[in-house]
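Chemist: Any chance you can model this:
(one chain, ligands or ions: 2)
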Amino acid sequence: MATAERDYYEVLGVARGASDDEIKRAFRRLARELHPDVSTEPDAADRFKQVAQAYEVLSDRQRRDTYDRFGHAGLRRGGFAPTEFDLGDIGDLFTAFFGEGLFGRTGRSGARARGADVGAAVEITLAEAFHGIEVQVPLQVAVTCERCHGSGAEPGTAPVTCPTCAGAGRVQQVSQSVFGQFVRASTCPHCQGAGTIVESPCERCAGEGRLVEERMLDVEIPAGIHDGQRIRVQGQGHSGPPGSQAGDAFVQVRVLADERLARDGDDLVAVVGLTMVDAAIGTTVTVPAADGEIELEIPPGVQPGDVRVVRGKGMPNVSGGRRGDLRVHLDVRVPRRLDPEQRRLLLEVGEQIGEEAYRDDGEGGFFERLRSAFR
Ligand SMILES: [Zn+2]
Ligand SMILES: [Zn+2]
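Modeler: Numbering: from 1, shown residues only. Ligands and ions are numbered 1, 2, ... in the order given. Next comes the predicted model:
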């Protein structure tokens, strides 16, 4: 491969002392010119590869340094092997460098083409997720230009058939490469696949046929939505080529963490503190719930780690199924400090309460706790 030995600076057309930015700009310019789908030069594919290889070396500080001091031989000694691009890879490579849509690839063959999807995100609280909510989400979407109805041609004029491809949108192209001669049909470089060209571009969109518009999208978020779920709003994405469908908008919903309630599927989980005395004699506690608070009766004799389940007080099911439960974990607290008098009283009470009082009768006891732990 004699051609591989060409000086990399010469290939990119930059001085040896060129800055990183100059190298990048030179590469971008050449890559655009030489892209096999655009260039009419027969050796464009080959030159594109050389340019890509030169950029691969000169854009990397260490490789560039090695190359500056020891040349191609130095790079080989250092174990560097340039990426070998297949002709088919070039389109992918180009997309990787420049992003999609630089050259309209849909064109004639893109009868089924539609506009690209657009994504947005919205944050809501747990209470909003509980009730469901309508939100407005700002979106930036490409819309069809109304002045030219997407044709890109100034009203009163019309796009004309492309003389290069006679309206086919594609041309036969012979490219010379290290693998031999390739004949391939590629997108017409003149009309970029459209089959027509605009001689008097529309004043409003400069011939693009599309404009970027800021739009407020009304999104109905259903009750019971889960964190991370996406809502698809059909036809609210970017406009596609004229006559095609717009893409969809995908709105990702983030349900913010609630400091009082955790969520487990459709169930809600709360923790309430209970003194040792209340746990023994029973009480009523106020428990946070998604739609306010509820009063929960605690029977006498609940144990540390007990979970009370309030049926149907969790989140609504987003698909309309059974509503979840509210699971209340009881955090039974034991005094950490007692003065001598309290200590004496507690000892006395402790002696009064015999072993019998601690016995597990089953009802609300160990098995119930075991069961509730698996609910
Ligand atoms: Zn227009
Ligand atoms: Zn053409």
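
Chemist: and the protein, which of its residues are near ligand 1?
Modeler: Neighbours of ligand 1 within the chain, by C-beta under 5 Å from the ion: Cys145, Arg147, Cys148, Cys202, Arg204, Cys205. Where you see a C-beta, it was placed from the backbone N, CA and C, and this is true even at glycine.

Chemist: Which residue, neighbours along the chain excluded, lies closest to the last one?
Modeler: Using C-beta to C-beta, 6 or more residues apart in numbering and skipping the chain neighbours, the partner closest in space to Cys205 is Cys145 (3.9 Å).

Chemist: what sits against that neighbour?
Modeler: Residues in contact with Cys145 (C-beta atoms under 8 Å, 6 or more residues apart in numbering) are Gly152, Cys202, Arg204, Cys205, Glu208, Gly209, Arg210, Leu211.

Chemist: swap in Gln140?
Modeler: By C-beta under 8 Å, 6+ apart, the contact list for Gln140 reads Val118, Val212, Glu213, Glu214, Arg215.

Chemist: Check Val122 too.
Modeler: The contact partners of Val122, by C-beta under 8 Å, 6+ apart, come to Val135, Val137, Val219, Ile221, Val251, Gln252, Val253, Arg254.

Chemist: are any of these buried, and which?
Modeler: With burial judged by 16 or more other C-beta atoms under 10 Å, the buried subset of these is Val135, Val137, Val219, Ile221, Val251, Val253.

Chemist: Can you flag which of those belong to strands?
Modeler: In this view, the buried ones among the contacts of Val122 that belong to strands under DSSP state E are Val135, Val137, Val219, Ile221, Val251, Val253.

Chemist: picking up where we left off before, grab the two from the contacts of Val122 that are most spread out in space.
Modeler: Within the contacts of Val122, two members stand farthest from each other by C-beta to C-beta: Val219 and Arg254, at 13.1 Å.

Chemist: thinking again about what came up before, nearest to Ala158, of the contacts of Cys145?
Modeler: Minimum distance to Ala158 across these is 10.5 Å, recorded for Gly152 (C-beta to C-beta).

Chemist: so where is the protein shaky, pLDDT-wise?
Modeler: 1-4, 36-39, 82-112, 173-184, 361-375 (pLDDT under 70).

Chemist: Can you report phi and psi for the residue nearest to the spatial centre of it?
Modeler: Computing the C-alpha centroid of the chain and ranking residues by C-alpha atoms, centre = their mean puts Gly119 first, at 7.5 Å. Backbone torsions for Gly119, taken as degrees, to the nearest 10, come to phi -110, psi 150.

Chemist: ok, and the closest non-adjacent residue to it?
Modeler: What sits nearest to Gly119 in space, not counting adjacent residues and going by C-beta to C-beta, 6+ apart, is Phe250, at 5.0 Å.

Chemist: So that neighbour sits against Ala121, correct?
Modeler: No: contact between Phe250 and Ala121 fails when scored by C-beta atoms under 8 Å: they sit 9.4 Å apart.

Chemist: Which one of those two is surrounded by more residues?
Modeler: Between Phe250 and Ala121, counting by other C-beta atoms under 10 Å, Phe250 is the more crowded of the two (16 against 11).

Chemist: ok now do the more buried one, which residues does it touch?
Modeler: By C-beta under 8 Å, 6+ apart, Phe250 lies in contact with Asp117, Val118, Gly119, Ala120, Arg230, Ile231, Arg232, Val233.

Chemist: So which residues on the chain come close to ligand 2?
Modeler: Residues of the chain lying close to ligand 2 (C-beta under 5 Å from the ion) are Cys162, Thr164, Cys165, Cys188, His190, Cys191.

Chemist: how does it look with 6 Å?
Modeler: Proximity of the chain to ligand 2, by C-beta under 6 Å from the ion, involves residues Cys162, Thr164, Cys165, Gly169, Cys188, His190, Cys191, Gly195.

Chemist: Name the nearest residue to the third one, ignoring sequence neighbours.
Modeler: Spatial nearest neighbour of Cys165, chain neighbours left out: Cys188 (3.8 Å); criterion: C-beta to C-beta, 6+ apart.

Chemist: Please list the residues outside stretch 311-321 that contact it.
Modeler: So stretch 311-321 is contacted by 129-130, 132, 222-226, 229, 263, 266-268, 289-290, 294, 322-327 (C-beta under 8 Å, 6+ apart).

Chemist: Repeat the analysis, applying 7 Å as the threshold.
Modeler: 130, 222-226, 263, 266-268, 289-290, 294, 323-326 (C-beta atoms under 7 Å, 6 or more residues apart in numbering).
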